[in-house]
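K.L.:
the sequence and its predicted three-dimensional model are supplied below.
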There are 2 protein chains.
Amino acid sequence: MAVQKSQPAPGKPAPDSTRRSEKSRRAIYDAALALVVEVGYPKTTIEGIAARAGVGKQTIYRWWSSKADVLMEAFLDLAEQSTEEAGAVPYTFPDTGDLAADLKAVLRATVDELRDPRFEAPSRALAAEGVVNEQLGRELVAKLMQPSLDLYIGRLRAAQDAGQVRPEIDPRIALEFFISPLAQRWLQHTGPISHEYTDTLVDYALHGLAPR
Amino acid sequence: MAVQKSQPAPGKPAPDSTRRSEKSRRAIYDAALALVVEVGYPKTTIEGIAARAGVGKQTIYRWWSSKADVLMEAFLDLAEQSTEEAGAVPYTFPDTGDLAADLKAVLRATVDELRDPRFEAPSRALAAEGVVNEQLGRELVAKLMQPSLDLYIGRLRAAQDAGQVRPEIDPRIALEFFISPLAQRWLQHTGPISHEYTDTLVDYALHGLAPR
């Protein structure tokens, strides 16, 4: 997702943390993302992350309570970097008054992020585990996806207020026309993703398949 | 998916196969589905399937060329049974002339199938592996999903001929408004699935989010 959570994650070191702890945090994120790609989620352990990052286990337990926490925060950090490099502002949704243009801009940035090779392998590894591990799946939704979904809901509500979306539409369901087709193509390899494709989704969803 | 492939799978025993080979085939399907749930796709082997089914490895290799083939056929067989038990006709898409009603009927049957506990664990195990294993993912699409997608495309084209869907719409993209939100809720645990939910998807997709 090109838009993400708006609050610093709990457990993130405070702004006054030393350069040494910032370096450790970065090493821990890198180790966690590399391990989940190489050995999969079930075999990734706090011990393994600590060994690869060259830190003590206690350093990790001081900041995070589980491997799921470390991984999700590492992933959020990566997504944030990727969004910024794609020229978008993380944790915001544009509102230019033109709903179609705003949706297209956000979805184009999401396509770019999904195609970022640094992002692809760890996000696939986490998503795959979430399919068979319902508890992790629900944590991924709550921590990684919900903040994005909330931004879509906010933008669609503003469009309802402006008379650009029908008032009886449930924004939580409507947003799925934008994110779910893209997610399925990417996750399940059901088709290619491109800016042209996501632009088409926006046009079809706003205007409907039936003749007007 | 409530609608599936329209041809018998290659490698399926001919109708004149003996009762004994039918019993072996059933034991092999059951063993393959149980193993992929218990140990995951990577650790499921032809040897393991043969041992659990109580047949020789050669019996499996006589009918199938790989574990992916065995699993996909076992899964197709299960989906077919589940569709029939849900009261739907496999490998067909209704055409009553009322597009919304036909889409709702198919999606309601798909919801019932996704909630079938026999279906859930093996389909999650296969889908999860398809997320990280692109080759398997593409085989799942080609063998398990494409026949359903083709039925949606055919029904949407008939609706275009009848003037119920705009002629410029690409049916391959339009069908994603029906299947992708449901797939994402189910796969990624992003929300509950119900008949009411899929009915809503059909209404929103046909009529669009913007005021008419």
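P.N.:
Great, that's in hand.

K.L.:
look at the residue of chain A found nearest chain B and say how many residues are nearby.
P.N.:
Closest contact between chain A and chain B, by CB to the nearest CB, is at residue A:208 (2.7 Å). Every C-beta, even on glycine, is put in place using the N, C-alpha and C of the backbone. Taking other CB atoms under 10 Å in any protein chain shown as the criterion, the count of residues near residue A:208 is 21.

K.L.:
what does it show for phi and psi?
P.N.:
phi 80, psi 160 (degrees, to the nearest 10).

K.L.:
now it: closest residue in space, sequence neighbours ignored.
P.N.:
With CB to CB, 6 or more residues apart in numbering or on different chains as the criterion, residue A:208 has its nearest non-adjacent residue at 2.7 Å, and that residue is residue B:208.

K.L.:
settle this for me: the one you found is touching residue A:203, isn't it.
P.N.:
No: using CB atoms under 8 Å, residue B:208 makes no contact with residue A:203, being 9.6 Å away.

K.L.:
quick one: name whatever helix or strand follows the top helix by length along chain A.
P.N.:
The residue-count maximum for a helix in chain A (DSSP state H) belongs to helix A:19-39. Sequence-wise, the next helix or strand downstream of helix A:19-39 (DSSP states H and E) is helix A:46-53.

K.L.:
helices or strands up against that next one?
P.N.:
helix A:19-39, helix A:57-63, helix A:67-85 (3 or more CB pairs under 8 Å, 6 or more residues apart in numbering or on different chains; DSSP states H and E).

K.L.:
let's have the ones you listed in TSV, adding mean neighbour count and mean pLDDT.
P.N.:
Converted to TSV, the helices and strands packed on helix A:46-53 look like this (neighbours: other CB atoms under 10 Å in any protein chain shown; pLDDT from 0 to 100):
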stretch	mean neighbour count	mean pLDDT
helix A:19-39	18	90
helix A:57-63	15	93
helix A:67-85	20	86
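
K.L.:
make a markdown table out of these and add distance to chain B.
P.N.:
Formatted as a markdown table, the helices and strands packed on helix A:46-53 follow (distance: least, CB to the nearest CB, whole Å):
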| stretch | distance to chain B |
| --- | --- |
| helix A:19-39 | 9 |
| helix A:57-63 | 25 |
| helix A:67-85 | 14 |
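
K.L.:
which strands and helices sit next to the worst-scoring helix or strand of chain A on mean pLDDT?
P.N.:
One helix or strand of chain A scores below all others by mean pLDDT, DSSP states H and E: helix A:67-85, with a mean of 86. Contact partners of helix A:67-85 among helices and strands, from 3+ CB pairs under 8 Å, 6+ apart: helix A:19-39, helix A:46-53, helix A:99-114, helix A:117-132, helix A:134-140.

K.L.:
what separates that helix from the chain centre, distance-wise?
P.N.:
Chain-centre distance of helix A:67-85: 8 Å, with CA atoms, centre = their mean, to the nearest Å.

K.L.:
list the contacts for residue A:189?
P.N.:
B:130, B:134, B:137, B:138, B:141 (CB atoms under 8 Å, 6 or more residues apart in numbering or on different chains).

K.L.:
farthest pair in those residues?
P.N.:
B:134 and B:141 (10.4 Å; CB to CB).

K.L.:
so those two - more neighbours on which side?
P.N.:
Just comparing residue B:134 and residue B:141: by other CB under 10 Å the higher neighbour count belongs to residue B:141, 16 against 11.

K.L.:
shaky segments in chain A?
P.N.:
A:1-18, A:86, A:88 (pLDDT under 70).

K.L.:
buried set for stretch A:159-174?
P.N.:
A:159, A:160, A:164, A:165, A:166, A:169, A:171, A:173, A:174 (16 or more other CB atoms under 10 Å in any protein chain shown).

K.L.:
quick one: end-to-end distance for it.
P.N.:
The first residue of stretch A:159-174 is 12 Å away from its last residue (CA to CA, to the nearest Å).

K.L.:
picking up where we left off before, got CSV for the helices and strands packed on helix A:46-53, with distance to residue A:120 too?
P.N.:
Shown next, in CSV, are those (distance: least, CB to CB, whole Å):
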stretch, distance to residue A:120
helix A:19-39, 9
helix A:57-63, 25
helix A:67-85, 10
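
K.L.:
on that earlier part again, next, the angle from the longest helix of chain A to helix A:67-85.
P.N.:
Between the axes of helix A:19-39 and helix A:67-85, defined by axes from the mean of the first three to the mean of the last three CA atoms, to 10 degrees, the angle is 100 degrees.

K.L.:
contacts for helix A:19-39?
P.N.:
Looking at what lies outside helix A:19-39 - CB under 8 Å, 6+ apart - the contacts are A:13, A:17, A:44, A:48-50, A:52-55, A:59-60, A:63, A:67, A:70-71, A:73-75, A:77-78, A:121-122, A:125-126.

K.L.:
show me what contacts residue A:122?
P.N.:
Residues in contact with residue A:122, defined by CB under 8 Å, 6+ apart, are A:33, A:36, A:37, A:71, A:74, A:75, A:78.

K.L.:
now with 10 Å, please.
P.N.:
Neighbouring residues of residue A:122 by CB atoms under 10 Å, 6 or more residues apart in numbering or on different chains: A:32, A:33, A:34, A:35, A:36, A:37, A:41, A:71, A:74, A:75, A:78.

K.L.:
find the nearest non-adjacent residue to it, please.
P.N.:
residue A:33 (4.4 Å).

K.L.:
which strands or helices does the host helix or strand of residue A:160 pack on?
P.N.:
Using DSSP H and E, residue A:160 falls within helix A:146-161. In terms of contacts (3 or more CB pairs under 10 Å, 6 or more residues apart in numbering or on different chains; DSSP states H and E), helix A:146-161 is packed against helix A:99-114, helix A:171-174, helix A:176-188.

K.L.:
how about TSV for those helices, with distance to residue B:182 added?
P.N.:
Shown next, in TSV, are the helices and strands packed on helix A:146-161 (distance: least, CB to CB, whole Å):
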stretch	distance to residue B:182
helix A:99-114	20
helix A:171-174	11
helix A:176-188	8
